[in-house]
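1. got a sequence here, can you build the structure:
(2 chains)
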Amino acid sequence: MRGHQLAACVALLLFVGLNSTVHGQQSAPPPPAPESASVSDVDNGTVFRVNVDMVQLNVAVIDRKGNYVTGLRPSDFEIIEDTIPQKMATFEEGNQDPIMLLNPMQPASNPSASSVGDSRTGSGSPQFSSAGANVFILFDTSNYMYRGFVFAQDAISDFVRSLDNTAKIAFYSYSRDVARDALLTSDRSQVLRGVRSTVAGADAALYNALLLVLRDAGKNTGRKVIVVFSNGPDNASMVPPEGVGELAQSEGIPIYMISTREAKQDPMSTAVFERMSASTGGQAYFAKNWKEQQQAFASVRDDLSHLYALSYYPQPNPNRGWRTITVKLIGEKLKPFRIRTRNGYRPRPTGFTPDTPADTALAR
Amino acid sequence: MLGSSCPSASTNCLRVCLCFSTDTLIAADNPQAKGTTPPARAKDEQTQVTIPGPLRPFLRMAAISQQVAPDEVLPLLARNVVIDGYRGSPDKDPKPTEFLVLLKRYLQQAKELQSLAGSAESLHVANCQEAAPLLMIIGYRLKEGCGPDTELEASEPERAFIANDSGFPIAELEQAVREGKRFVYPFPSSLVPMIFRAEDWKLSGKGGENSDGDFVAGLLEDPLRARLYWALARMDSETRGFLRRAPGLPKLAPFSALLDFYGAELSIRSGRLLVPGGAAAEPAWKQLVGASPDSPEEFLTKLWSRDEGWLAAYFAALSRLKQSQLAYFTDARRLPRFYQALRGNDAHPGPARFLIFRPNPGLLLLVTRLQFDSNDEPLVPGNPQIWKEIVRHQPTSKVASEWAHKAGSWNNSEQLVEGMFGLSRSLNNGPLQIFLTLSEIDRVRPRNKRLSPQTVRLLADKFAKFDDQYLIFSEFRDLDDQSITRFLAVGEALDRIPDRTVRGNAIGILQANIGLWEILARQGQIPSTTLNDSWQRLLNPFSHASNPTQIFDAGRTSLAEIIHDASGATNPSENELISLLAGPEQSSADGRQVRQLLANRMRAVMESQRLASLDTLFSLANGLKRLSEGKTTAEALVPLANELREFEMPRPMFTSRERTAWAGGLYDNRQTELKIGRTLVQIVQSPRSPQEAADARGQLAPFLRDTLVGLNYAYYEPPGAQMLHNNPLFVRYHDFAGLTVVSGDQAWHTPLLFGRGWAAGGGAHLVGSLADLPYVLAQTEQDFIVPENVQALVWEDLVPSLLTSAVLPRWWRVTPVELHAVTLYQRTGEELLSAAAENADLRRGVVEILSDRILPQKQEQIANDLSSGAVQQILAEVTPAETFYLTAEFRRRFPAGNSDWRASGRELESLVSRYPDEVSWERLSQDFGVPHPALAQTYARELLNVKPFPAIMGYSSRLMAESWESNNLYWARLADELGYSPVMLNRLVPELTHRMIEKIFATHFEDWPAVLRAMRQTGEEFRQGKVAPLPKSAIASSF
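-> Down below sits the predicted model:
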């Protein structure tokens, strides 16, 4: 079964009356009506089953100096999809437990008071410990990586060790083909063995690999991020970066790209890395040397530990194409701060997604 | 080329698989590491060679699968040295590649580790403080001294890279030093068998070992020796044992290249060389070569020395044929005559000049696929006179020009065949290709329906443009001369449309409709008795279509005719069309379920590609007509027109300027379609005239083309496809008009894959026709299969053919009886092998039959194993296609010999007598065979039973891959034994094939044992319910 966009995918069964047009899951239904259509159809007495995915946003709030802003409250954020204001369903900051805002059983949360200005930097190696957070690491083993291979392995190993034990990690490598070196696990030693088991390959099919990792990641519940260590130009992918970027946005998975100086020298890769990471809410780093690679990983780790996770169930929206997401901070006091998150998503077609061998590969 | 050992990719298509397993890095339980190598199965003299360190890291660095047996190690090492070890000509100071440099570095590091391991052959580190010597060898150091936070970091990158690449357990070492635990890593040297003794390998005065007595190191240093080793390793042991004695390895060395290409077909038995055609042909061979097969040394020396190797190539090509095919070629008169034609006036360049692959696929194809009539005369499409004209008009090369001149005196088929031998030297698409293709078309036709001379001439004349389309006529034998002629006329008419885009739309719509027709005809939904009429109805609407409106109407009418012929339906919805394409109506629950599944898969592709639905297009076309007649209003049509605008391009990642700079011309060729959508809305809203409204449906032509093409793509979706689901531009970008290629008209040719690795180009897409679409789609999607073994590869030379053979056949008409018969054929073959172990006469018969399909080395192994009673060993190595063939051929040769039947044989006999049609060879071959578009120029399913084809230049890999015919037979047997109904094969076969590909752990793309291993491993997982679990039906064994 194709993985859902997020863990909290809910099926809203709008059961209004019996009608011969009931679409069961076993049948071959036509493409589902958009949310707005379901309302009018309900009025007509038609029964629809509409899958509505919760949209989750990983949001970094940065001050003018580039420091993370912490301690914000749900009420400090405003989410707009296209032009439609959204109601926040959950709120989570860094290491803290998520707050269920739409669940009436949830006691009124008491998020810590806003501490604007009390921003922290990455010093002190904060641990990324969101419950259920999954980090998918993708390592370039193509020819490009040959010379700096072992240093890159060291840097990734350091990064793996630096994530605390509540985060699960999967480790993939790629050249022309992809290897699942360590499936998602909380066992660090298993991941480290995966890192050390990689060998250098040939062509680089980065976007193919990213697509497969996104597909795998999408099958898992909880927050997910992808961290790519690449040395630059893709020379073998079938899929274009646009398709991969859109999938990442639709799955709500930020992509962090760490690349070496050679990639910076390739303007096309530079453009893709910067834009893909920005559009998904991640970041791109171009490390000139081994030291900077380590710093980049430290920055990723730091970023992960300071993200706010907001979610909402989309209000009825007739737009079946690209939906723009805008997240704003409310209040004059918060105006100076900058927000980084994904900028939209495209609702997945939900009609026909039968099992495929690729979908079942991880189940084995 | 892939893998850590070969960062510098070779320019040829061979790739080295760095085979790398993640399990058991600590080799304590590895028998090979203890030096306990199983005995080699070859019967010639073998000695043992020591490899420093455990075998597993060595295999990894040498790019050899870790699933190989010890006696395969040195041959595969030699092979990799030959193919991937050096750059440049062997004669001109070749330079070692990075692969070889790293392998040598590894061997040096392994020796240092072995020295550290000492006599205990084990690396011990008691605690963190003692780790320094080991860390120094492997290029690591402690990051911050010893303690609970100890980490390792690379200190010498070259050494560290080798340690990592070879799979040294660095993570375990790090954990041990951090936790203060002992680290123990057994590091014994490994013994592997070597062919002959080291002194035999003293070539040209050089030692068989290098200066320090290391045979392996010597092999790495000398590509000539490596090539000879690789060549001899593929011969049977009796033959190579003879050659070792006479003429001896030093005298064989100059012939290494010829032995590499043609040695595997040689067979010396009891001091006599076996020649193609057997004893009856020996005088002719003696005459031709100038030596007797009774004197193999003299015979072979002359064979290899003559004409730069062409005589050796000729001998090897004929050696591959079945006995039944050889009588014609080895006739005393023809044998020298055909050879002389092959040799021509100039033997240069000889085949040995080609370094990696043998040349001349045409020669192998000619002798393998030449068809004979009931009088054992060559089947000549048309007549010999026509071929005289064809050859005279096809001077595509120097060789072809020579034969164009000679053809004037041809009077009979033998002269024609002689000419084809001569023409096989040409690598161009010349008369030989035409002859082979038309022979395949004629082969499947009854005598009274063979191609007329006029049609043959026409097909030959149009070959350069339409050759790839001829796959239709070799698959659908009922299409007659008129149908073929009609197609060519329509094709040429469309080709004359001046506007490139309009022409591309017209050709695309026609080809897409033909593709849908092929699917429905193949599935039996268009009855074979009406194929000609149906075909004509498909084509006729396009006869005079030249502007967009006519093209749209032609496509719509043609599609309606196809659907009507297949189902009787008129105006079905797209949803109903997809159901129709998914397969015939099913009465069983299983059948309905599987048909629904296949239909939904197609729908998922259509949805992912976001294509306009046929319903929308046709409703809009009807509405436009009514609008022009004043019978409807714009308001009613605007929503439909707006649907065409709904498709949004993926969010742009590049600016227009960037696209122009980084992917000029690649991206924008389909933007026009989106603009059309906008224009159409404007016309609907305010047409300037009724005629403009009526003609506006012409603007729907590109949308219709995309949707029809999308249906073709969806039907042939390979298992695990990602492009079809994640790149909504994939179908839209299919370029019939050739807008993305600078030269050549691709519109009727097999599509090229364009734009791979071109990030700003919008993704890979196809440029060309829909011919060969199943294969090309498989080629596109194969990169999304994830190998199970780290650093194992998806072999692009093999995998597309495997996927095509899994996707194209459907099993709707297969009965439970038929399915069970497939099982019984395989089981009976196994029973025959078991019985042959106890019966010398039977053994000879069995080996003789199998010799039609297998090379001498495997023949010898089977004969030896049968003699020694090692039946289980044989059963593990014999393929399902071989056991299937063994039974079929045994039954044919010994119709009364059923005293040899055991339980399965008796059951099969009973089944044959009760259901003669269902279990006939022809029926089973059609239903469980595979398509051979390269080998036999047809997508018809068939079991050809040829010996495994070698890698040859040109379209080599497809020939090789198509000679593998075991998968579907094996999956069918599994399904039968596990109680699945035959229709379930429609789901099981793609999924099992996908899983099998994930498991292939091969050293090179001709590694058939690895393919067989992967197939059996997948079968075992299936039996255990780990893959493709499906509800079982109770009907499978109910007959």
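
2. got the residues of the stretch 701-850 of chain B near chain A?
-> Counting by C-beta under 8 Å from any C-beta of the partner chain, the stretch 701-850 of chain B comes close to chain A at B:719-723, B:726-729, B:756-757, B:759-764, B:780-781, B:783-787, B:790-791, B:793-794. Heads up, the C-betas are built off the backbone N, CA and C, glycines and all.

3. and those residues, which of them are in helices?
-> Mapping these onto helices (DSSP state H) picks out B:723, B:726, B:780, B:781.

4. excluding chain neighbours, what is closest to the residue of chain B most remote from its centre?
-> Note on chain B: the largest separation between a C-alpha and the mean C-alpha position, by C-alpha atoms, centre = their mean, falls on residue B:630 (57.4 Å). Among residues not flanking residue B:630 along the chain, residue B:690 sits closest, at 7.3 Å (C-beta to C-beta, 6 or more residues apart in numbering or on different chains).

5. next one: residue B:353
-> The spatially closest residue to residue B:353, leaving aside those adjacent along the chain, is residue B:308, at 7.3 Å (C-beta to C-beta, 6+ apart).

6. check residue B:904 too.
-> Nearest-residue entry for residue B:904: residue B:827, 3.7 Å, with adjacent residues in sequence omitted and distances by C-beta to C-beta, 6+ apart.

7. check which helix or strand covers the one you found.
-> When elements are assigned from DSSP states H and E, residue B:827 belongs to helix B:816-836.

8. for residue 278, which residues are in contact?
-> Here I'm looking at chain A. Applying C-beta atoms under 8 Å, 6 or more residues apart in numbering or on different chains, one finds that residue A:278 lies in contact with A:284, A:340.

9. meant chain B actually
-> Under the criterion of C-beta under 8 Å, 6+ apart, the contact list for residue B:278 reads B:323, B:326.

10. show the model's pLDDT score for it.
-> pLDDT recorded at residue B:278 is 96.

11. distance of it from chain A?
-> Between residue B:278 and chain A the distance is 47 Å, computed by C-beta to the nearest C-beta, to the nearest Å.

12. check contacts around residue B:997.
-> Contact partners of residue B:997, counting by C-beta under 8 Å, 6+ apart, are B:782, B:785, B:794, B:799, B:802, B:803, B:1014.

13. give me the domain ranges for the chain.
-> No chain in the question, so chain A it is. As assigned by automatic domain parsing, chain A contains the domains A:10-53+A:349-363, A:55-120+A:307-345, A:134-305.

14. switch to chain B, that's the one I care about
-> B:497-784, B:807-1023.

15. comparing the ones you listed by mean pLDDT, which bottoms out?
-> Looking across the domains of chain B, the weakest by mean pLDDT turns out to be domain B:497-784, at a mean of 91.

16. ramachandran angles for the residue most central in space within chain A?
-> Centroid-nearest residue in chain A: residue A:253, 1.1 Å away (criterion: C-alpha atoms, centre = their mean). Geometry field for residue A:253 lists phi and psi as phi -110, psi 110, criterion degrees, to the nearest 10.

17. that one and chain B, how far apart?
-> Relative to chain B, residue A:253 is positioned 14 Å away (criterion: C-beta to the nearest C-beta).

18. which of the domains of chain A is buried the deepest?
-> Comparing those on average neighbours per residue, with mean count of other C-beta atoms under 10 Å in any protein chain shown, the densest one is domain A:134-305 at a mean of 23.

19. so for the one residue in the stretch 51-200 of chain A that gets nearest to chain B, what's the pLDDT?
-> Shortest the stretch 51-200 of chain A-to-chain B distance, computed as C-beta to the nearest C-beta: residue-wise this is residue A:199, at 3.5 Å. On the pLDDT scale, residue A:199 is placed at 83.

20. kindly state the pLDDT recorded for residue 11?
-> With no chain named, the answer covers chain A. The score at residue A:11 is 27. That number is its pLDDT.

21. should've been chain B
-> Listed pLDDT for residue B:11 reads 27.

22. and residue A:182, that one's in a helix?
-> No: the assignment for residue A:182 (DSSP: H, G, I helix; E, B strand; the rest coil) gives strand, which keeps it out of a helix.

23. the closest residue to it other than its chain neighbours sits in which helix or strand?
-> When the adjacent residues along the chain are set aside, residue A:182 lies closest to residue A:194, with 3.2 Å between them (C-beta to C-beta, 6+ apart). When secondary structure is defined by DSSP H and E, residue A:194 falls within helix A:188-197.

24. picking up where we left off before, who are the packing partners of the helix holding residue B:827?
-> Judged by 3 or more C-beta pairs under 8 Å, 6 or more residues apart in numbering or on different chains; DSSP states H and E, the packing partners of helix B:816-836 are helix B:840-850, helix B:856-868, helix B:871-877, helix B:880-893, helix B:903-914, helix B:921-928, helix B:967-977.

25. on that earlier part again, the ones in helices among the residues of the stretch 701-850 of chain B next to chain A: which two are farthest apart?
-> Between all members of these, the longest pairwise span (C-beta to C-beta) is found for B:726 and B:780 and amounts to 12.2 Å.

26. for residue A:303, find the nearest of the helices and strands packed on helix B:816-836.
-> When those are ranked by proximity to residue A:303 (C-beta to C-beta), helix B:967-977 comes first, at 48.0 Å.

27. how big is the angle separating that closest one from helix B:921-928?
-> 90 degrees (axes from the mean of the first three to the mean of the last three C-alpha atoms, to 10 degrees).

28. how about the strands in the stretch 251-364 of chain A?
-> Along the stretch 251-364 of chain A, counting by DSSP state E, counting those that start in this stretch, strands occupy A:255-260, A:284-287, A:308-312, A:323-329, A:338-340, A:344-345.

29. how about the contacts of residue B:997 in CSV, adding neighbour count?
-> Below are the contacts of residue B:997 laid out as CSV (neighbours: other C-beta atoms under 10 Å in any protein chain shown):
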residue, neighbour count
B:782, 22
B:785, 27
B:794, 21
B:799, 25
B:802, 26
B:803, 27
B:1014, 23
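
30. which one of these is nearest chain A?
-> Using C-beta to the nearest C-beta, residue B:794 is the member of the contacts of residue B:997 that lies nearest chain A, at 5.5 Å.

31. how about the contacts made by that closest one?
-> Neighbouring residues of residue B:794 by C-beta under 8 Å, 6+ apart: A:177, B:782, B:783, B:785, B:787, B:997, B:1000.

32. could you find the closest non-adjacent residue to residue B:299?
-> Counting by C-beta to C-beta, 6+ apart, the nearest residue to residue B:299 once its immediate chain neighbours are dropped is residue B:291, at 4.2 Å.

33. picking that back up, and the strands of the stretch 251-364 of chain A: which comes nearest residue B:740?
-> Closest approach to residue B:740 among those is made by strand A:255-260 (28.9 Å; C-beta to C-beta).

34. name the helices or strands packed onto the closest one?
-> Strand A:255-260 sits against strand A:224-230, helix A:267-280, strand A:284-287, helix A:290-305, with contacts defined as 3+ C-beta pairs under 8 Å, 6+ apart.

35. recalculate using a threshold of 6 Å.
-> Based on contacts counted as 3 or more C-beta pairs under 6 Å, 6 or more residues apart in numbering or on different chains; DSSP states H and E, the elements that strand A:255-260 packs against are strand A:224-230, helix A:267-280, strand A:284-287.
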